[in-house]
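1. After the sequence you'll find the predicted model.
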Amino acid sequence: MTTVNINNNSAPEILIKSTARLHMGFFDLHGGLGRKFGSIGLSLATPTIELYAQMSNQLEVKGIASATDKIASIAQQFITKLNLYGSVRFNIHQHIPEHAGLGSGTQTALAIGAAISQLYKLNLTTAQIAEITGRGGRSGIGIAAFDYGGLLIDGGRAAGANATLNQLSLKVPPLLARYDFPEDWRVLLILDSSQPGIHGEVEREAFKQLPAFSENLAAHLCRYVLMQAMPAIVEQDLTAFGFAIQELQSHVGDYFAPAQGGRYASQQVGAVLQALQNMGVACFGQSSWGPTGFAVFENELEAEKHLQQLKAIFLDSHLSWKICSARNAGAEIV
């Protein structure tokens, strides 16, 4: 997270900018060693949340209509929990699509908390803001993305061998590794507007109803993260990196299939990902609970070439596409 101070004679106004993230998969859903989940993910340069904030006597939110109620609710809860003497005026200029698997909820909560912390000189860390706003329940990727950007790997939450989700430690999952993502690599996002990803109470119930995860399979996925994904990103080997991501995507996607209706939440996005696999694309998958899919290419030219091929095949009006780069820096506070 980068803070830039600007001195002027007008009322203090803070600009918070943060970006979406990909959640590429969990690698230990067993928890037998005392930690559960563990995630790998990537901070993106776009979509973006961008909001301005000023101190105010009462809470006011204006700007993008679809986001005002959510931001007002989070801000009010934050102000109430901290028993602040004042409030905040927010103006939303950009917002990350909600329930699309891009981390909108976490980035929104952290942006609001960071703005209030800065305005009221609370000196809260991102981890503290996450705990206050109830973010980072399973994955620490969104929190680390707000602070650092890049490719991120967290260690999951501390838990007893037989702990349920409600018994998990309240601490934010620790960041284990962070790498700059290659500047030339491009990410193609495949978005489906016809359905939201699983979230909220439905998500919590889904985790309760899923069967126990295989300990051997958890060990297998951990090995792929440690001995393939991490070395591959250092060596900028997209084929090897993609193979590791495919191991996570296939096994974890199949594990979640009873809750989301298949390996991928959206049948249309799943068909696109199958087409990309048939084209020989190395790295692809679904972000979090979806429905957004992603694919990674060596450069802009390769991404654009494959996008044009996909557009010629998939004419459904519910699908949309976006080519973006990774973001190797955290949120901005100006």
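-> Great, that's in hand. Numbering: from 1, shown residues only.
2. so where's the longest strand in the protein?
-> In the chain, assigned by DSSP state E, the strand with the most residues is strand 35-56.
3. Give me the nearest residue to residue 272, chain neighbours excluded.
-> residue 190 (5.0 Å; C-beta to C-beta, 6 or more residues apart in numbering). To be clear about C-beta, it is placed using only N, CA and C from the backbone, and glycine gets the same treatment.
4. What of residue 25?
-> Leaving out its chain neighbours, the residue that sits closest to residue 25 by C-beta to C-beta, 6+ apart is residue 248, at 3.2 Å.
5. how distant is whichever strand or helix holds that neighbour from the center of its chain?
-> For residue 248, the host element (DSSP states H and E) is helix 238-260. Distance of helix 238-260 from its chain centroid, counting by C-alpha atoms, centre = their mean, to the nearest Å, is 16 Å.
6. Which residues outside that helix are in contact with it?
-> The contact list for helix 238-260, computed with C-beta atoms under 8 Å, 6 or more residues apart in numbering, reads 24-27, 29, 40, 182, 185, 198, 206, 209-210, 213, 217, 220-221, 224-225, 228-229, 231-233, 263-264, 281-286, 289-290, 296-298.
7. Filter the residues you listed down to the ones in strands?
-> The strands, defined by DSSP E, take in 24-27, 40, 283-286, 296-297 from the contacts of helix 238-260.
8. shaky segments in the stretch 101-250 of the chain?
-> 160-170, 197-204, 206-207 (pLDDT under 70).
9. Can you tell me how far the residue nearest to residue 25 is from residue 263?
-> Between residue 248 and residue 263 the computed distance is 12 Å (C-beta to C-beta, to the nearest Å).
10. repeat for residue 38
-> In this view, residue 38 and residue 263 are 20 Å apart by C-beta to C-beta.
11. quick one: which of the two has more around it?
-> residue 38 (25 against 19; other C-beta atoms under 10 Å).
12. The more buried one and residue 218, how far apart?
-> Separation of residue 38 from residue 218 (C-beta to C-beta): 9 Å.
13. what touches both of the two?
-> Shared contacts of residue 38 and residue 218 (C-beta under 8 Å, 6+ apart): 27-28.
14. chain center to stretch 107-115: distance?
-> Relative to the mean C-alpha coordinate of its chain, stretch 107-115 is positioned 14 Å out (C-alpha atoms, centre = their mean).
15. Great, nothing more from me.
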